[in-house]
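>>> Pasting a predicted model and its sequence here:
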Number of protein chains: 2
Amino acid sequence: MDSKRPDRRRFLKGGAALAGSLTLGAVKPALGQTPESGQFIKGTDEMIAYGDRSRFVTSKRMPHPPGGRESPDGFGLVFHVAAPLQDSVGMITPSSLHFVGTTRGSYIPDIDPTEHRLMIHGMVDRPLTFTMEDLKRLPSVTRPHFIECAGNRSRPQHKSVQESHGMTSCAEWTGVLLSVLLKEAGVKDSAPWIVAEGAEEVKGASSIPMAKAMDDCMVAYGMNGEALRPQQGFPVRLLVPGFEGIFHSKYLRRIKAVDRYYMTYSDYGHLNREPERAALGYQIGPKSVITFPSGGQQLPGKGFYQISGLAWSGGGAVSKVEVSTDGGRRWMDAEIKGTAYRMAHTRFGLTWNWDGKETELLSRCTDELGQVQPARAQVAEFFNARAGSGFSVPGQDNSIQPWRIASDGAVHNAIT
Amino acid sequence: MDSKRPDRRRFLKGGAALAGSLTLGAVKPALGQTPESGQFIKGTDEMIAYGDRSRFVTSKRMPHPPGGRESPDGFGLVFHVAAPLQDSVGMITPSSLHFVGTTRGSYIPDIDPTEHRLMIHGMVDRPLTFTMEDLKRLPSVTRPHFIECAGNRSRPQHKSVQESHGMTSCAEWTGVLLSVLLKEAGVKDSAPWIVAEGAEEVKGASSIPMAKAMDDCMVAYGMNGEALRPQQGFPVRLLVPGFEGIFHSKYLRRIKAVDRYYMTYSDYGHLNREPERAALGYQIGPKSVITFPSGGQQLPGKGFYQISGLAWSGGGAVSKVEVSTDGGRRWMDAEIKGTAYRMAHTRFGLTWNWDGKETELLSRCTDELGQVQPARAQVAEFFNARAGSGFSVPGQDNSIQPWRIASDGAVHNAIT
């Protein structure tokens, strides 16, 4: 199509920018009936009860960091597992692919929900112990929220987006607002903090400001329409929207209203030891990353592609995502797909006509507070000095991720 | 608490209607540390790659209708499977629990996605054949939509909500708008219908009005953040938001723009044979059903409960849900949980203080068009005459579902 004489029909039809322009060089003209596979799967009782993936779909999680690392308490490899973001679509991470962080080796609690109890105590008028049935009788909320491990992007040179950003995931969570439980127990106005403890001995006892506890924290028993998965804290976990992952205590069994910040295992090594600074450093982001094309993927040739990625912020909803296809010289507004929820992954996309020349793809997000994701140069010295330590720092590395597209279509991390 | 002298503190704290009122008679005071399970699961390579449910979570799908029925083409039992709505939370149906409808016995196509092709042809300027890779290079959308089988609620006397309403489910779908593909192929303005065909020989070749095809139909390859499941049409299916399930052709391989309504297998028995009436009868709802408490469940005793349910409409977004806890004398507005999306399940809830006396629970939904879910009496004669025929009718039975709560807490379908 002559770019100076746009096809009138294209405008008459409206809508898609690509309409009628035969944008996909590779698309074949129709040649009659499409082939039949002829292959069928015979239904089984197991398939009726609870279905599974196609044998052709093999996307999987991987240990994080690659190769894993030893648990500090001698329980073997730390069971950190990263989500395959390179294959992700939409906002939801499937529960089977949601990242996992645990510091107790490879062992996770195996809890009978009928035996589990959640205790609310400390500076309250009426200490209470809830069964799971009790919790389900209270008013519920359903909200999408991301959880991201502070150890995400521990090395800026990670090769794939699964390695670099796979320790974040997003699910539709259902549960009771923590404020309902605290009010039910009659929390005292003089309690400025809570400590939340789960049934992992060396993890998850975090101090959380009361203002956050009474705002949007959720005691969640539902995930993507069913019960929590064991790796995500079955039967119940705490959601602390926007705060780094370790606050979202799994296997939640105890919440204590307390008079001060408690230094716990969770604070070891990666949180600031000064309570005031720590309390300000919990929120994640704003962050974004292009998931397609991303490191390790291969473009078959020049032509139109849909750049796709995820943006999120601990500060609230994502309000804008920009994408550059020329290494940062020019930025274009990406399309936000669907609703941008507070503290949730937000899918963005941009149609890109690749001319086959080497370039760099970048994304940059802005949240509803006006926070803008920083350029690498703004944070490089700080984070490079800490890279590879195994622990990140409060606020972590939220700088822009550049992917280099080579002229042969190979995609690599531009940070080497 | 003296109801005439409300606790001032309750209002100071704001928010939850239950705050500080010790509403759950069964909640125990705290007794010190909660018990540890002591049980742990050892992580395995399989758990790292793709996680699974807790062994304590056994919610499962069941054949629909109970016992199943023979396939018309001799392939054995029809592989219709209903979702366990009684256990559902939130808006999303987990992909493993999404209902399944297929008329080709228990056999479903087993398709290699690299071999699959989608052809757009008929009354178009440029017939095209798309590979899955081609489709993924086009601009995508992500939207939650329900799909509901016209055979849902084939018998008003079904005992559980899984039996009565389990042939509907809702997922976050990702794909390309069909309008993009039709424009790409240069669909002719003179084509008033399309026919969509999947790789199930005796199902899924449905005629769809062009206005619908160009509006919000989606060619979907993603479901709840990963590839479609085989039972939901892997690698690609058609979404026809709000239309009855059989239009949402699975294993989609062909879309033909045509000059008239085609009578196909899908029309046999349950669609109107007059094209004009058929075209007006495709949309589902408005419908709603209480999923907790529902038939077959048991309330442990009087006190506070969270009534929970789902509402949906083929006419658009749900705008209001009302619940009656006294058999329809008084109606209260239920809370809509989260966003009410167009043609998506919408979760509603209402806090209910059961006095322990026999009663009936009902829900009634209104959609954005102002359509109101009808009372049973309005449709009973029509549907009772057809009940048990194995096929429903266009528009189907969307009347209000009553659940009877006996004084011992047992819950039964009030339609006997």
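Structure's in. What do you need?
>>> is stretch A:290-309 up against chain B anywhere?
Yes. Using Cβ under 8 Å from any Cβ of the partner chain, stretch A:290-309 reaches chain B at A:300, A:303-306, A:308. Using the backbone N, CA and C atoms, a C-beta is placed for each residue, glycine as well.
>>> Just the buried ones from those residues, in ChimeraX syntax?
ChimeraX command restricting the residues of stretch A:290-309 next to chain B to the buried ones, with burial defined by 16 or more other Cβ atoms under 10 Å in any protein chain shown:
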select /A:303,304,305,306,308
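>>> Kindly present the residues of stretch A:290-309 next to chain B as TSV, with separate columns for secondary structure and pLDDT.
Shown next, in TSV, are the residues of stretch A:290-309 next to chain B (DSSP: H, G, I helix; E, B strand; the rest coil; pLDDT from 0 to 100):
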residue	secondary structure	pLDDT
A:Pro300	coil	94
A:Gly303	strand	95
A:Phe304	strand	94
A:Tyr305	strand	96
A:Gln306	strand	96
A:Ser308	strand	98
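>>> so how many other residues sit close to the closest residue to A:Asp52 other than its chain neighbours?
Nearest non-adjacent residue to A:Asp52, counting by Cβ to Cβ, 6 or more residues apart in numbering or on different chains: B:Ser96, 6.8 Å away. For B:Ser96, the count of nearby residues is 25 (other Cβ atoms under 10 Å in any protein chain shown).
>>> same deal with A:Gln396?
24.
>>> now swap in A:Met119 and tell me
Applying other Cβ under 10 Å, I find that A:Met119 has 23 neighbouring residues.
>>> before we move on, what about A:Ser206?
A:Ser206, neighbours per other Cβ under 10 Å, totals 26.
>>> swap in A:Thr131?
Counted with other Cβ under 10 Å, A:Thr131 comes out at 18.
>>> Likewise for A:Pro192?
For A:Pro192, using other Cβ under 10 Å, the count is 16.
>>> A:Tyr261 versus that one, what's the distance?
Separation of A:Pro192 from A:Tyr261 (Cβ to Cβ, to the nearest Å): 8 Å.
>>> cool, A:Ala227 as well?
A:Ala227 is 33 Å from A:Tyr261, by Cβ to Cβ.
>>> higher neighbour count, those two?
A:Ala227 (26 against 18).
>>> hang on, isn't the more buried one packed against B:Val57?
Yes. Counting by Cβ atoms under 8 Å, A:Ala227 does reach B:Val57; the two are 4.6 Å apart.
>>> tell me, what's touching the two both at once?
A:Phe234 (Cβ atoms under 8 Å, 6 or more residues apart in numbering or on different chains).
>>> so how far does stretch A:211-220 reach from one end to the other?
19 Å (Cα to Cα, to the nearest Å).
>>> List the contacts of that stretch.
A:118, A:135, A:141, A:143, A:145, A:173-179, A:181-182, A:194, A:208, A:228, A:236-241, A:243, A:252, A:342-343.
>>> ok, which of the residues you listed also contact chain B?
A:118, A:141, A:143, A:173-174, A:177, A:179, A:228.
>>> Name all residues that make contact with A:Leu252.
A:118, A:196-198, A:219, A:233, A:236-238.
>>> Just the ones of those in strands?
A:118, A:196-198, A:219, A:237-238 (DSSP state E).
>>> before we move on, back to that, just give me the closest of the ones next to chain B among the contacts of stretch A:211-220 to chain B.
A:Thr174 (4.1 Å; Cβ to the nearest Cβ).
>>> Sheet partners, orientation included, of the host helix or strand of that closest one?
Under the criterion of DSSP states H and E, A:Thr174 resides in strand A:168-177. With DSSP bridges as the test, strand A:168-177 is paired with strand A:141-148 (antiparallel), strand A:218-223 (antiparallel).
>>> now whatever helix or strand comes next after it and strand A:218-223, what's the angle there?
Sequence-wise, the next helix or strand downstream of strand A:168-177 (DSSP H and E) is helix A:178-185. Orientation check (axes from the mean of the first three to the mean of the last three Cα atoms, to 10 degrees): helix A:178-185 against strand A:218-223 gives 120 degrees.
>>> Show me chain A divided up by domain.
With domains defined by automatic domain parsing, chain A comprises A:85-280, A:287-413.
>>> most packed of the ones you listed?
domain A:85-280 (a mean of 22; mean count of other Cβ atoms under 10 Å in any protein chain shown).
>>> which regions of chain A lie under the pLDDT threshold?
For chain A, the stretches flagged by pLDDT under 70 are A:1-38, A:69-78, A:103-106, A:201-205, A:264-281, A:383-395.
>>> redo that, cut-off 80
A:1-44, A:65-79, A:102-107, A:154, A:200-206, A:263-283, A:379-396 (pLDDT under 80).
>>> quick one, helices of the stretch 251-400 of chain A?
A:275-280, A:376-386 (DSSP state H, counting those that start in this stretch).
>>> so A:Arg237 sits right up against A:Gly198, yeah?
Yes. Assessed by Cβ under 8 Å, A:Arg237 is found in contact with A:Gly198 at 7.1 Å.
>>> which residues are common contacts for the two?
Common contact partners of A:Arg237 and A:Gly198 (Cβ under 8 Å, 6+ apart): A:249-252.
>>> Closest to chain B out of these?
A:Tyr251 (8.4 Å).
>>> In contact with the closest one, which residues?
Contacts were defined as Cβ under 8 Å, 6+ apart; by that measure A:Tyr251 touches A:109, A:111, A:198-200, A:204, A:233-234, A:236-237.
>>> Which residue, neighbours along the chain excluded, lies closest to it?
Nearest to A:Tyr251 is A:Ala199, by Cβ to Cβ, 6+ apart, at 3.7 Å.
>>> need the contact list for the nearest residue to A:Val161 once chain neighbours are set aside.
Distance criterion Cβ to Cβ, 6+ apart; nearest residue to A:Val161, sequence neighbours excluded, is A:Ser294 at 3.9 Å. Counting by Cβ under 8 Å, 6+ apart, A:Ser294 makes contact with A:85-86, A:160-161, A:403, A:411.
>>> wait, doesn't A:Val180 sit right on A:Arg137?
No. Using Cβ under 8 Å, A:Val180 is not in contact with A:Arg137; the gap is 11.2 Å.
>>> Could you verify my assumption that A:Met123 touches A:Ala185?
No. The criterion here is Cβ under 8 Å, and A:Met123 misses it with A:Ala185 at 9.6 Å.
>>> what sits in contact with each of these two?
A:Ala257.
>>> thinking again about what came up before, quick check: phi and psi on the residue nearest to A:Val161?
Backbone dihedrals for A:Ser294, given as degrees, to the nearest 10, come out at phi -140, psi 170.
>>> ok, now A:Gly301?
phi 160, psi 180.
>>> Then A:Arg155?
phi -130, psi 120.
>>> Go ahead and confirm it touches A:Pro66.
No. Applying Cβ under 8 Å, one finds A:Arg155 not in contact with A:Pro66, separated by 9.6 Å.
>>> gap between stretch A:253-264 and the chain center?
26 Å (Cα atoms, centre = their mean, to the nearest Å).
>>> quick one: is that stretch near chain B?
Yes. Using Cβ under 8 Å from any Cβ, stretch A:253-264 reaches chain B at A:253-254.
>>> what does that stretch contact?
A:116-124, A:178, A:181-182, A:185, A:187-188, A:190-199, A:205-207, A:210, A:238, A:273, A:275, A:278-279, B:33-34.
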